[in-house]
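Q: I would like the atomic coordinates for the input below:
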Amino acid sequence: MANRKLFVNLPVRDLERSKAFFSKLGFEFNQHFTDDKAACMVVNGEACVMLLSEPFFKTFTTRELCNTSTHTEALLSLSCQSRAEVDELVQLAVENGGKQAGQPQDHGFMYDWSFYDPDGHGWGVLWMDPGAGQ
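A: This next block holds a predicted model:
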């Protein structure tokens, strides 16, 4: 099977606030797929997160949107190159309007910590020992 690209779609209440938040975490946006209703946040060459204003997101589904202050709609995870980068990214998220989710977890071969973005979406941040499992 050929490599596939991944596009995750997330509803956001304030698109400009979300773009500013993720920009401060070091993410860039593909301007070709960004306008006043949506922003294409580039994770890497194979994965993007589409931040969609709630009204625009609702045009893609007939279901009610999840209240992320009381419910979890998904847990998204990002990998890092080191344990220190995990800590830095979560701390940066909290400093810029996100909320810490739990405490760091050290599993030896894997280290992870989590945060909620300003819209309440849960983001795991993890480092895995590249030699684990070999």
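
Q: number of nearby residues for the residue lying closest to G98 once chain neighbours are set aside?
A: Counting by C-beta to C-beta, 6 or more residues apart in numbering, G98 lies nearest to F115, which is 4.5 Å off, once chain neighbours are set aside. C-betas here are computed from N, CA, C, even on glycine. Neighbourhood size, F115 [other C-beta atoms under 10 Å]: 21.

Q: tell me the secondary structure at F115.
A: Using DSSP: H, G, I helix; E, B strand; the rest coil, the structure places F115 in strand.

Q: so what sits opposite it in the bridge?
A: For F115, the beta-bridge partners are Q100, W123 (DSSP bridges).

Q: what's near enough to touch it?
A: Applying C-beta atoms under 8 Å, 6 or more residues apart in numbering to F115 gives the contacts V90, A93, V94, G98, K99, Q100, A101, G122, W123, V125.

Q: buried ones only from those residues, please, as a ChimeraX command.
A: Remark: buried members of the contacts of F115, expressed as a ChimeraX selection using 16 or more other C-beta atoms under 10 Å:
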select :90,93,98,101,122,123,125
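
Q: now do the strands in this structure.
A: Using DSSP state E, the strands of the chain run over 6-12, 28-30, 38-44, 47-53, 75-79, 99-106, 110-116, 122-128.

Q: for the closest residue in space to S18 that isn't next to it in sequence, give its distance to K99.
A: Closest residue in space to S18, ignoring its immediate chain neighbours: V12 at 4.3 Å, by C-beta to C-beta, 6+ apart. As judged by C-beta to C-beta, to the nearest Å, V12 and K99 stand 15 Å apart.

Q: one more: V86?
A: V86 is 16 Å from K99, by C-beta to C-beta.

Q: average pLDDT for stretch 55-67?
A: In this model, stretch 55-67 has an average pLDDT of 95.
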